[in-house]
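K.L.:
Turn this into a structure:
(2 chains)
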Amino acid sequence: MKESKPRKYAIVIDTFKCFDCKACMVACKVENEVPVGFWRNWVKHNGRAGGRRTQFQPGQCMQCDEPSCVEACPVGATYKQNDGLVVIDPLKCIACGNCVTACPYGARYRNPIRHVADKCDFCEHRLRRGEEPACVETCPTKARVFGDLNDPASEVSKLMNKEKLVQVINPLINTNPSIYYLEGTSLLEWPVEPTLPGNVHMPPSFWKRR
Amino acid sequence: MSTKTRGAITRRSFLKLSGTATAAAVLGGPGPVLHALVPAEDISKQGKAQKLFSACDMCFNKCGLIARVEDGVVKKLDPNPKFLKSRGMLCARGNAGVKQLYDPDRLKYPLLRKGARGEGKWQRLTWDEALDHAAEQLQKIGDKYTRCGVLFMAGSDLQSKFVHRFAEVFGSYNVISHESNCLLSRNRAFLDTFGEVPLPDVLNCKYVIMAGANRFEALVTPDSMDMMTAMKNGAKLVVLDPRFTKTAALAYEWHPIKPGTDMAFFLAVAHVLVSEKLYDEKFVQEKTFGIEQLSQHVKQYSPEWAEKECEIPAKDIRRIARELAAAAPAAMIYPGRRTSDYENSTQIRRSFAIVNALLGNWDRPGGLITASKVGLRKPSYDPPFYEENPFERIDTGRSLMMFEEEGSFKHARDAVIEGKPYPVKGCFTYKINPMQTGANRQKTIEMIHKLDFMLTVDIAMSDTAWMADLVLPAPSYLERLDPIAGLQGASAGTCLVTRDPVVPALFESKPVFWIVTELAKRLELGEYFNFTMEEYRKEQLKDLPDAMDVLKKDGVLNRPGKLYGVYEGKAFKTLSKKIELYNKRYPALGIDPMPVYSPPAKVPRGRFRIVVGRNAYITQGSSTNNALLHELVPENTLWVHPKPAGKLGIGHNDMVKVKSSVGAEKLKARLTKEIREDTVYMDTGFGVLSKGLSNVHGMGACIAAILEDHNDEISGNMAMHETMVTVQKV
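P.N.:
The predicted structure follows:
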């Protein structure tokens, strides 16, 4: 697909609105035929938090601009497209699992049926049909807003200009995620340090480029 | 197997192909294995993807959806963005609808019981055999015991009206809905206050108190979504619940109220509103009846008094009452939905209704608004008269003000067991599962054993089907042609919906409309079912000539209409023609005209009060076996506070035995501070007896097996929170 002007897909999430109904998780599971026991997206929560209002924080692959998973892939099966999506070529993937541990967000899993790495791709096949990602469309309170950051008229661009947004980032390494949260979301500390399987450090080249 | 022989196919792509073929059965979505379930001709008919409208049936809300159908297989259900009542959403259950359609556990052909009831031995019948047998049995019972000797039970479904029609022309007025296990206490209370059951305009409300309502888990459209939107716009939500539900978790205030004392709280709120003159005086003078009596009545119910009953500090009650008044009329006590909890539930909900009246929120933005007519015609017919029939329903006279059109499951069951006032020996159930939802399962079994013949129509082998003599397979909502229905969506207005099949019916399943039509033919009642569904829909839409085109184009016909000020100059449908703070009809029936507080039964030492409910992933007994939802909630657990659990030596995830006076069940304990120390909780929908529900059989415990069958004295609604249990480590 040739684009005259590249897109930059992003999702802005309003944690305030999520009531943990898990519609996004089931919608994704059906849409992407995710096997039993695995999920491409999630809802985290901050517990009872001392009598304050609980927050439920939806998430999925953050489509990072500097993706550690891409660095970790030995065969170039996972790569960043110019529309911002990080995708996996199932014909190239050897299911080594490097990208699974390299993801600071735990967004990847090894699909035991297809024997490839798998994760959210913002429902790229739906985008091609002119539809929104399944999780975005089905949400009862529209807590997720999807769109093109390169289109100033898009809802995500408007939110980017209007609202204070934050990103959920591992303190050691900023992979520049494309998922933004409205300011005030708690649960900012959970991303883990990217490693290779067996807790092996990512190659020095990865750290040097930051 | 060698990859070499496959020439150009790489190892990766080969693995991918073979992996898909062998393991598709565990895929989350409808994988290729489904082609085994779908007849080849249905696949070949359609070469490309289609998008077809329908309305969800995973719960009662009926949210609009768009099914993506590829090669005759439903691949995905998406929300219909034009569906205002659902706010364009589809929840987890809605998304899991594909697994109701493609469920290997579905009933596939008519089954006749061979062994003892509930033994699970069946013989396959042809439809002709099954219908002939059913007609013969119904005829036999009708001849021997009168036509009222057959009890009909139909759940919330667009085709249930045809079961009602069949019952009526067959000659039985013993028809029961699911509602007497659900919301009748609320309906009774609001009807007896306002003359009708209002809808809450949550969207425009600034201050909402939800007492016992769990809108962020037990989803009601549009209330659940509107509550969040209202909060986003600054509304305050206060939750009173013995349990830390997700609604409580998301509220600004949660008060773990002592179960059964909500009336004390609201009488105290009324006390503050009256004594501090915070109520809407103009509104109350013009539109209500009985403010003098109420003022006198609530004098005794001070916040300080209420604190001792409900265990919410008096200063909080006072503050909340003042905050409510400040936000009025865009302030409300949310009426709630399932109110089958206490023996005085109607009076408890009356106290909610009275506070609403004091706030003057009736017919105003952010308050209680009225349902408007949708304009559907109700095709009429003249049922035959059966001279030999008794005069009354079997459940009549057991409660003071039962809704005759809904009946009372509890009373009807007692009547069948006692054989009084007359014997009932037949039962026809459609899409209703009292074995799971009716408190005191032993009694339901006892009732079934009194029957000569029980027929159940359902999609899967529910516990109720499991006990039946003849089980007939119905198609899921995605395979059906349904009548038009009008829905009330509060501030979203009303709308019309319908369903056309998005795929043909699987197996030998047949809709209940067809089943009762065929039975009617065999019982010489064919003239009452001499129409097709298309003709019926045409008749329904006679006054709305363009509606069908809109339904075909958009999947819904939204009719926003006038929402506020509808009652200007209109009389209320009560005896006083006003909103009745003091109910004028009650004294003659021996009912307190204003709610009089009596404390709930004390929880004996070493025991707990058990409360029940659900989360956003289950619809009572009908969805827990769904593969996608089963993954989210594989079983229910008993919520116990760690303090009493510690005393009983119960650890987290320990198996415990929960025992009441009517039964005992075993399930895992969930130790959590999200529940009061004197209360335990479990979800509905588990502990099934039916081996035809393969995912959930043997998982968790059944509420109906533990709950005693108390009832609301006024409405005959079940009272499910009146049971005390012991909990023991197994």
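K.L.:
where in the chain is pLDDT low?
P.N.:
Going with chain A. A:1-4, A:49-51, A:209-210 (pLDDT under 70).
K.L.:
oops, I was thinking of chain B
P.N.:
B:1-47.
K.L.:
May I ask you to name the longest helix in it?
P.N.:
Taking DSSP state H as the criterion, chain B has its longest helix at helix B:127-145.
K.L.:
what's next to that helix, contact-wise?
P.N.:
B:110, B:112, B:125, B:149-150, B:170-171, B:422-426, B:428, B:452-453, B:455, B:469-470, B:472, B:508, B:510, B:515, B:518-519, B:522-523 (CB atoms under 8 Å, 6 or more residues apart in numbering or on different chains). Where C-beta positions appear, they are placed from N, C-alpha and C, glycine not excepted.
K.L.:
next one: that helix to chain centre, how far?
P.N.:
Here the centre of helix B:127-145 is set off from its chain's centre by 30 Å, with CA atoms, centre = their mean, to the nearest Å.
K.L.:
rewinding a little: filter the contacts of helix B:127-145 down to the ones in strands?
P.N.:
Using DSSP state E, the members of the contacts of helix B:127-145 that fall within strands are B:Leu112, B:Val150, B:Gly426, B:Phe428, B:Phe453, B:Leu455, B:Leu470, B:Leu472.
K.L.:
spatially speaking, which residue is in the middle of chain A?
P.N.:
Per CA atoms, centre = their mean, the C-alpha nearest to the average position across chain A is that of A:Cys61, at 1.8 Å.
K.L.:
Surely that residue touches A:Asn32?
P.N.:
No: A:Cys61 is beyond contact range of A:Asn32, at 11.6 Å (criterion: CB atoms under 8 Å).
K.L.:
Identify the contacts common to these two.
P.N.:
Shared contacts of A:Cys61 and A:Asn32 (CB under 8 Å, 6+ apart): A:Arg40.
K.L.:
Among the ones in strands among the contacts of helix B:127-145, which pair sits farthest apart?
P.N.:
Across the ones in strands among the contacts of helix B:127-145, the longest distance by CB to CB is 18.3 Å; it joins B:Leu112 and B:Val150.
K.L.:
Between the two, which has more neighbouring residues?
P.N.:
B:Val150 (27 against 17; other CB atoms under 10 Å in any protein chain shown).
K.L.:
Just list whatever residues bridge to the nearest residue to the more buried one once chain neighbours are set aside.
P.N.:
Closest residue in space to B:Val150, ignoring its immediate chain neighbours: B:Gly426 at 3.7 Å, by CB to CB, 6 or more residues apart in numbering or on different chains. For B:Gly426, the beta-bridge partners under DSSP bridges are B:Val150, B:Phe453.
K.L.:
Now for B:Gly426, how many residues are close by?
P.N.:
By other CB under 10 Å, neighbour count at B:Gly426 equals 28.
K.L.:
and what of A:Lys162?
P.N.:
8.
K.L.:
Ok, A:Gly59 next?
P.N.:
A:Gly59 has 25 nearby residues by other CB under 10 Å.
K.L.:
Tell me the secondary structure of it, please.
P.N.:
strand (DSSP: H, G, I helix; E, B strand; the rest coil).
K.L.:
what does B:Leu667 give?
P.N.:
Classified using three-state DSSP, B:Leu667 is strand.
K.L.:
who touches B:Phe513 in this structure?
P.N.:
B:Gln159, B:Phe162, B:Met533.
K.L.:
what helix or strand is it on?
P.N.:
Taking DSSP states H and E as the definition, B:Phe513 sits inside helix B:512-522.
K.L.:
Next, the buried residues of that helix.
P.N.:
Within helix B:512-522, the residues that count as buried by 16 or more other CB atoms under 10 Å in any protein chain shown are B:Val512, B:Phe513, B:Trp514, B:Ile515, B:Val516, B:Thr517, B:Glu518, B:Leu519, B:Ala520, B:Arg522.
K.L.:
Can I get it as PDB, trimmed to CA atoms?
P.N.:
This file holds the C-alpha atoms of helix B:512-522, laid out as PDB (Å, rounded to 0.1, in the frame of the first residue of the first chain):
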ATOM      1  CA  VAL B 512     -40.100 -21.200  19.300                       C
ATOM      2  CA  PHE B 513     -42.500 -19.300  17.000                       C
ATOM      3  CA  TRP B 514     -42.400 -22.200  14.600                       C
ATOM      4  CA  ILE B 515     -42.700 -24.700  17.500                       C
ATOM      5  CA  VAL B 516     -45.800 -23.100  19.000                       C
ATOM      6  CA  THR B 517     -47.300 -22.700  15.500                       C
ATOM      7  CA  GLU B 518     -46.800 -26.500  14.900                       C
ATOM      8  CA  LEU B 519     -48.200 -27.300  18.300                       C
ATOM      9  CA  ALA B 520     -51.200 -25.100  17.700                       C
ATOM     10  CA  LYS B 521     -51.900 -26.900  14.400                       C
ATOM     11  CA  ARG B 522     -51.900 -30.300  16.200                       C
END
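K.L.:
show me where chain A has strands.
P.N.:
Counting by DSSP E, the strands of chain A are A:9-13, A:41-45, A:56-60, A:78-80, A:86-88, A:109-111, A:116-118, A:144-148, A:165-166, A:179-182, A:195-196, A:200-201.
K.L.:
quick one: the second one to strand A:144-148, angle?
P.N.:
Relative orientation of strand A:41-45 with respect to strand A:144-148: 130 degrees, computed using axes from the mean of the first three to the mean of the last three CA atoms, to 10 degrees.
K.L.:
ok, the nearest residue to B:Pro501 once chain neighbours are set aside - contacts?
P.N.:
Once flanking residues are discounted, B:Pro501 sits nearest to B:Glu479: 5.0 Å by CB to CB, 6+ apart. Contact analysis of B:Glu479 by CB under 8 Å, 6+ apart lists B:Leu101, B:Pro501, B:Val502, B:Val503, B:Pro504, B:Ala505, B:Leu506, B:Ser509.
K.L.:
Wait, a helix at B:Ala167?
P.N.:
Yes: B:Ala167 forms part of a helix when assessed by three-state DSSP.
K.L.:
Next up, identify which helix or strand the closest residue to it other than its chain neighbours is on.
P.N.:
Among residues not flanking B:Ala167 along the chain, B:Phe152 sits closest, at 4.1 Å (CB to CB, 6+ apart). Assigned by DSSP H and E, B:Phe152 falls within strand B:150-154.
K.L.:
residue of the stretch 501-650 of chain B with the smallest distance to chain A?
P.N.:
B:Ala616 (4.4 Å; CB to the nearest CB).
K.L.:
residues contacting that residue?
P.N.:
A:Phe19, A:Asp20, A:Cys21, A:Lys22, B:Cys91, B:Ala92, B:Arg93, B:Phe216, B:Glu217, B:Ala218, B:Leu219, B:Lys246.
K.L.:
So what sits opposite A:Asn41 in the bridge?
P.N.:
A:Gln60.
K.L.:
Now for it, how many residues are close by?
P.N.:
23.
K.L.:
do you know how far it is from A:Pro104?
P.N.:
Per CB to CB, to the nearest Å, A:Asn41 is found 16 Å from A:Pro104.
K.L.:
mind checking how far the residue nearest to B:Gly649 when sequence neighbours are not counted is from chain A?
P.N.:
Ranked by CB to CB, 6+ apart and with sequence neighbours excluded, the top spatial neighbour of B:Gly649 is B:Lys729, at 5.6 Å. Distance, B:Lys729 to chain A, by CB to the nearest CB, to the nearest Å: 26 Å.
K.L.:
follow-up on the earlier one: now, the contacts of B:Glu479 that are in strands?
P.N.:
Using DSSP E, none of those sit in strands.
K.L.:
Make a ChimeraX selection of the buried ones in those.
P.N.:
Burial among the contacts of B:Glu479 is assessed by 16+ other CB under 10 Å; the matching ChimeraX selection reads:
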select /B:101,501,502,503,505,506,509
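K.L.:
would you turn the contacts of B:Glu479 into CSV with distance to B:Pro483?
P.N.:
Formatted as CSV, the contacts of B:Glu479 follow (distance: CB to CB, whole Å):
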residue, distance to B:Pro483
B:Leu101, 20
B:Pro501, 14
B:Val502, 17
B:Val503, 20
B:Pro504, 19
B:Ala505, 17
B:Leu506, 22
B:Ser509, 18
